[in-house]
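Peer 1: Here is my input; please provide its structure:
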Amino acid sequence: MSEPCTVLIAEDNAADRLLLSTIVSKQGHRAIVAANGAEAVELFAQERPQLVLMDALMPVMDGFDATRQIKALAGDELVPVIFLTSLTETEALVRALDAGGDDFLSKPYNKVILQAKLGAMLRMRSLHSTVLEQRNLIAKHNEHLLSEQRVAKAVFDRIAHAGCLSAANIRYLQSPFALFNGDLLLAAFTPSGGMNILLGDFTGHGLPAAVGAMPLSEVFYGMTAKGFSIADVLREMNQKLKRILPVGVFCCATLIHLNLHQRVLEVWNGGLPAGVLCRKDGSQQPLLSRNLPLGILEPESFNDHCEVFDIAEGDRILLWSDGVPESGNAAGEMFGEERLLNVLKNAPHEHLFDQLRAALSNFTGEQQDDLSLVEVAVVPEESLPWQSLPASASTRQSPLDWSAGFDFRASTLQAFNPLPFLMQWLLEVQELRPLAGTLYTMLTEVYSNALEHGVLGLDSALKADANGFAAYYRERMERLEALEQGWVRLHFDHRMEAEGGCLTIQVSDSGGGLPAAAMAVANAGTPFAGRGLRLLNELADECWRDEADGSLFLRVRWQR
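Peer 2: Have a look, this model is predicted:
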């Protein structure tokens, strides 16, 4: 038997009301009665019964209008309405269904049939109530998940967008397929003033696709800030993703290093569509994928080799995820690589990004995937002021009065780049962080001079022209591979002064230090040789050579 409930009986015939009330009451339910449709609506609003027996033809308000109003008052709650009618015309029965009726009971009334219909309607009501409860529970759970994702996305955005995407030479378009975008775009200045830019595309969409993005972003920004090469950054990102991601989840990526000082572009593409280096003269160089995506190969099998291109002011690099060529229109056609390249071929050089974005907007009827498009322009180095590292809030005080020395011997010189390590250590002094770019450039030059001239015995005079420059670095590679002994020593001394502080760097080597002839070349104004030493003279507050042992000294001051 069904659970007891309240049943509203709307019937204008007193005898029928009594009969129906008796049957309903004997079944264990409470009966309330109305003599017309208006009374039925009023009683429903007061008593909120669970089921209604409704006569079709009544005075004041018929059953059809009363049912409509009762259904409106019930809202999402299911209140079954059984029409009591002697009507047999099809049109009248259709009117009853259109009004919201759920079943019919023909006159004269049959006790057994009425009991069966009451039971069936109440079971249907109970099932509907259960469905509503489950729907509300699912909606609540879904809102909880969305709330968690919003918090996670806020954290993700702070990490992923911590770099220099706002730089004047970068334009980008990202359109997420879900709350999280499986595509990832990162950009940051290097300590030497260059730029590292990564476009990644994780498998899948939404939160699962973004799981690997946060650790990848952390590696990218941390290692870029410390001056690691993009080969080092790539190896670390691949190793980390390989370790934490499940099988079948990986990141297709293109990582570029833009050196605006030397006008060189380094490119590594692993699984993304080929980007394009669009030169100002109209020629285009594809940036092809030559590697597997990040997170697939074991570290020992990973290839970190980058392609190198000469670039000039006015050139533009365009990168995109597969969401661009795979964007579809209302007819089910994809935008396609051919259409994309035609846009780039025919668009004015200064408006490549705008023309491609407009073409996508005009073509796309339905987005099929996460979509990312980025343009990086080659601009004068001085137009992009290097952003200093933020001071660490976790360290209230910096070490200000100290000295330390490091010796790097042959096997280390062959396989290890000490500059990121030294930079990380130096930048513990928060007051030196605004000078990070200057310090990195200076350390690069003094370390290279000590290694090349002191340890390897190379002669700067070889770099008298472009051919000599290439020969110099071939010889450098050969001598370094054959190196069995030798060392480079760097000593750092940091002291406080009346209005700030002073960092002194001393560099010496096993080859007797910097030759006096090298200083002479640096002052002679030759086009290739001596450029590094001339740069040191410009960057350092003081720069000198110790005549006794050939050590090179640099001094940099900061003010409060």
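Peer 1: Remind me which helix or strand the nearest residue to residue 456 once chain neighbours are set aside belongs to.
Peer 2: With sequence-adjacent residues excluded and distances taken as Cβ to Cβ, 6 or more residues apart in numbering, residue 456 is closest to residue 479, at 4.4 Å. In this view, the C-beta of every residue, glycine as well, is placed from N, C-alpha and C. Per DSSP states H and E: residue 479 is located in helix 466-481.
Peer 1: Likewise for residue 296?
Peer 2: Taking DSSP H and E as the definition, one finds residue 296 inside no helix or strand.
Peer 1: which residues touch the nearest residue to it once chain neighbours are set aside?
Peer 2: Spatially, and ignoring its direct neighbours in sequence, residue 296 is nearest to residue 250 (5.1 Å; Cβ to Cβ, 6+ apart). Neighbour list for residue 250: 202-203, 241, 271, 293-296 [criterion: Cβ atoms under 8 Å, 6 or more residues apart in numbering].
Peer 1: pLDDT weak spots in the stretch 301-450 of the chain?
Peer 2: Low-confidence segments of the stretch 301-450 of the chain (pLDDT under 70): 365-370, 386-396.
Peer 1: which stretches of it form strands?
Peer 2: 307-310, 316-320, 371-377, 402-409 (DSSP state E, counting those that start in this stretch).
Peer 1: Give me the three-state assignment for residue 504.
Peer 2: strand (DSSP: H, G, I helix; E, B strand; the rest coil).
Peer 1: Could you list every helix and strand in contact with the helix holding residue 479?
Peer 2: helix 410-415 (3 or more Cβ pairs under 8 Å, 6 or more residues apart in numbering; DSSP states H and E).
Peer 1: Alpha carbons of the helix it packs on, as PDB, please.
Peer 2: Extracted C-alpha coordinates of helix 410-415, given in PDB (Å, rounded to 0.1, in the frame of the first residue of the first chain):
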ATOM      1  CA  ALA A 410      88.200  20.300 -16.000                       C
ATOM      2  CA  SER A 411      85.400  17.700 -15.800                       C
ATOM      3  CA  THR A 412      83.000  20.300 -14.600                       C
ATOM      4  CA  LEU A 413      84.100  22.800 -17.300                       C
ATOM      5  CA  GLN A 414      83.300  20.200 -19.900                       C
ATOM      6  CA  ALA A 415      79.800  19.300 -18.800                       C
END
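Peer 1: Can you point out the buried residues in it?
Peer 2: Going by neighbour count (16 or more other Cβ atoms under 10 Å), the buried part of helix 410-415 is 410, 413.
Peer 1: Below-threshold pLDDT in this structure: ranges please.
Peer 2: Counting by pLDDT under 70, the chain has low-confidence residues at 1-2, 87-90, 159-161, 176-181, 205-209, 365-370, 386-396, 463-466, 515, 517-531.
Peer 1: Repeat the analysis, applying 50 as the threshold.
Peer 2: By pLDDT under 50, the low-scoring segments of the chain are 389-395, 524-529.
Peer 1: Per the annotation, how does it divide into domains?
Peer 2: 6-131, 161-383, 402-559 (automatic domain parsing).
Peer 1: measure the residue nearest to residue 456 to residue 472 for me?
Peer 2: Here the criterion is Cβ to Cβ, to the nearest Å. By it, residue 479 lies 11 Å from residue 472.
Peer 1: same deal with residue 34?
Peer 2: Taking Cβ to Cβ, one finds residue 34 at 104 Å from residue 472.
Peer 1: Between these two, tell me which one has more neighbours.
Peer 2: residue 34 (24 against 19; other Cβ atoms under 10 Å).
Peer 1: Next up, the contacts around the more buried one.
Peer 2: Contacts of residue 34 (Cβ under 8 Å, 6+ apart): 8-11, 40, 42-43.
Peer 1: Excluding sequence neighbours, find me the nearest residue to it.
Peer 2: With Cβ to Cβ, 6+ apart, the residue lying closest to residue 34 is residue 40, at 4.0 Å.
Peer 1: Can you give the distance of the host helix or strand of that neighbour from its chain's centre?
Peer 2: Using DSSP H and E, residue 40 maps to helix 37-47. Centroid separation between helix 37-47 and its chain, computed with Cα atoms, centre = their mean, to the nearest Å, is 57 Å.
Peer 1: neighbouring contacts of it?
Peer 2: Contacts for helix 37-47 (Cβ under 8 Å, 6+ apart): 6, 8, 10, 32, 34, 49, 52, 54, 58, 60-63, 65-66, 69-70, 73, 79.
Peer 1: Can I have the buried ones of those as a ChimeraX selection?
Peer 2: In ChimeraX syntax, the buried subset of the contacts of helix 37-47 is picked out as below (16+ other Cβ under 10 Å):
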select :6,8,10,32,34,49,52,54,58,61,62,63,66,69,70,79
